[in-house]
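> A structural model of the following input is requested.
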Amino acid sequence: MTTTVERPALATPRKVAPAKDGRKLIRSQVRAGWTLLAPALLHSGVFIVIPVVAVLVLSLTDYSFGDTWAWVGFQNYSDLFRDVDFQASLWHTVLYALVVIPISMAISLAVAIGLNQKIKALGFFRTAFYIPTVTATVAVATIWLWIYNPGSGLANGFLALFGFAPNRWLADPATALPSLMVVGIWQGLGTKIIIYLAALQGVSRDLLESAELDGANRWQKFRNVTWPAIGPVQFFVLITSIVGTFQVFDLVYVMTQGGPGSETRVLVMDIYQNAFQDLKLGYASAETVIMMVVIALFIGVGRLLQKADVND
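Below you'll find the predicted structure:
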């Protein structure tokens, strides 16, 4: 008895869409992409590109909210580097950034690591750390003005417990800027903690368990697994921290008005005074351009440090 083996039916070849239909599909996808991008591009054009171009143009003029103005070229920039107030403001802002950024990032990462553990009342602690971020800066400044009050403030009360003499804090040129740095660090922790916490929760558990099986201790797991994994988040936090610290204004304006003397005068405060009190908009625009350049330099250095850390 012979058996016949049925051969499987050959698959019918798919029809290849003509090249014309493929190009039409690509064009429709491109149009859809530009349509989705249009709101963001419009926002960026109106609120970023146009103001930046306007500032660059105004920085080359002597415009002062009047009907007449003239081109002065780079005279504003030349005058700035002979301006003692500008030099002091730039130095205070750079110093503020150099202190506040690394300390706030380090504290935020440490707190986020703690909150990433299985502890009781985790939701309470997350909320408590985030409250300063969503609190109005004026309210934050008012609270810290009371804390730093020389007569009845909490800071001097705490020092008195250990027998230290009271400090004038915001009225003392030696402690005014460091006192503002403490407030800046405290206020900025919440956002950084939330971002770091999200990054830590995204670290692969498989990699952590593999490192533990290989005998890695906690520090080795953090240095070789967790730290590289949160590298992009570190850079994002660094960029936002740089921009935020260089734009500090309301905190200083409410707490010290730039005093005592000009010991806490920062760059944005100097820009504000030149633009809206002295009505020298061209001069203030030149200051703004320099601030953008300094921010770009800080971000560039941060990028280089990140690349060096990745290569290690």
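> tell me who's in contact with the residue nearest to V99 when sequence neighbours are not counted.
Once flanking residues are discounted, V99 sits nearest to M181: 5.1 Å by C-beta to C-beta, 6 or more residues apart in numbering. In short, each C-beta sits where N, CA and C put it, glycine included. Counting by C-beta atoms under 8 Å, 6 or more residues apart in numbering, M181 touches Y96, V99, V100.
> from L177, how far off is the second one?
As for V99, its distance to L177 is 9 Å (criterion: C-beta to C-beta, to the nearest Å).
> same question for the first one.
From Y96 over to L177 the distance is 7 Å, taken as C-beta to C-beta.
> from the neighbour counts alone, determine which of these two ranks first.
For Y96 versus L177, the count of surrounding residues by other C-beta atoms under 10 Å is larger for Y96: 22 against 19.
> wait, doesn't that one sit right on L180?
Yes: taking contacts as C-beta atoms under 8 Å, Y96 lies within contact range of L180: 7.3 Å.
> tally of neighbours for V268?
V268 has 20 neighbours, counted by other C-beta under 10 Å.
> my read: it touches Q247, true?
Yes: using C-beta under 8 Å, V268 makes contact with Q247 at a distance of 5.8 Å.
> helices or strands next to the lowest-mean-pLDDT helix or strand in the chain in the packing?
Ranking every helix and strand in the chain by mean pLDDT, DSSP states H and E puts helix 122-134 at the bottom, with a mean of 83. When contacts are defined as 3 or more C-beta pairs under 8 Å, 6 or more residues apart in numbering; DSSP states H and E, helix 122-134 packs onto helix 84-115, helix 176-201.
> what about that helix, distance to the chain center?
How far helix 122-134 lies from its chain's middle: 19 Å, per C-alpha atoms, centre = their mean, to the nearest Å.
> which other residues reach the helix or strand containing G157?
Here G157, judged by DSSP states H and E, is contained in helix 154-161. Helix 154-161 is contacted by residues W146, I147, Y148, N149, P150, A165, P166, N167, W169 when judged by C-beta under 8 Å, 6+ apart.
> how about the third one, nearest residue that isn't a chain neighbour?
Sequence neighbours aside, W169 is the residue nearest to Y148 in space, at 4.0 Å (criterion: C-beta to C-beta, 6+ apart).
> the helices and strands packed on helix 122-134: which one's closest to L122?
Among the helices and strands packed on helix 122-134, the nearest to L122 by C-beta to C-beta is helix 84-115 (6.4 Å).
> got the angle between that closest one and helix 122-134?
Relative orientation of helix 84-115 and helix 122-134, computed by axes from the mean of the first three to the mean of the last three C-alpha atoms, to 10 degrees: 170 degrees.
> okay, Q257 and F249: tell me how far apart.
Applying C-beta to C-beta, the value for Q257 to F249 is 11 Å.
> pLDDT score assigned to M181?
Model confidence at M181, given as pLDDT, is 96.
> and it, how far is that from Y63?
Distance, M181 to Y63, by C-beta to C-beta: 35 Å.
> show me what contacts the spatially most central residue of the chain?
With distances taken as C-alpha atoms, centre = their mean, the residue of the chain nearest its centroid is T240 (1.5 Å). T240 makes contact with T191, according to C-beta under 8 Å, 6+ apart.
> give me the element it is part of.
Assigned by DSSP H and E, T240 belongs to helix 231-246.
> buried set for that helix?
V233, Q234, F235, V237, L238, S241, I242, G244, T245, F246 (16 or more other C-beta atoms under 10 Å).
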